[in-house]
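Visitor: Build the 3D model from these lines:
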Amino acid sequence: MTQTSNRLMDEFAKLMTDATGVAQGVRREAETAMRSQLERIMSELDLIQREEFETVRDMALKARAENEALQQRVAALEARLAGDEARLAADEEGPLAD
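Guide: The predicted structure is shown next:
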């Protein structure tokens, strides 16, 4: 009876091992099918990937920094131009005052 019990347990263990393998295979197949469906849906929604978003964001940050630098440069040039115009106006009024 002990041999029969052991053989029965061995067969049962093999069956469970095979069943586990089949279940894992089914799970992998389901995951693959779901992943491909999600990728298809996402491509139809015209979503972008994170890498593309990060690249565009970095470009926008760089453009903003360059814009701010150019604004400061223009303001400095305008101030300089205003100072030059004020000096020219003062020089033109100076000889008339004499």
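
Visitor: Return the distance of stretch 14-31 from the chain's centre.
Guide: 36 Å (C-alpha atoms, centre = their mean, to the nearest Å).

Visitor: Give me the average confidence score over it.
Guide: Regarding stretch 14-31, the rounded mean pLDDT is 90.

Visitor: Let me know how buried residue 73 is, in neighbour terms.
Guide: 10 (other C-beta atoms under 10 Å). Backbone N, C-alpha and C define where each C-beta goes, glycine included.

Visitor: where's residue 71, which helix or strand?
Guide: If you go by DSSP states H and E, residue 71 is part of helix 50-97.

Visitor: who does that helix touch, helix- and strand-wise?
Guide: Helices and strands touching helix 50-97, as assessed by 3 or more C-beta pairs under 8 Å, 6 or more residues apart in numbering; DSSP states H and E, are absent.

Visitor: next one: it to chain centre, how far?
Guide: 32 Å.

Visitor: again with stretch 46-55
Guide: Stretch 46-55 sits 5 Å away from the centroid of its parent chain (C-alpha atoms, centre = their mean).

Visitor: Could you tell me the end-to-end distance of it?
Guide: For stretch 46-55, the first and last residues are 17 Å from each other (C-alpha to C-alpha, to the nearest Å).
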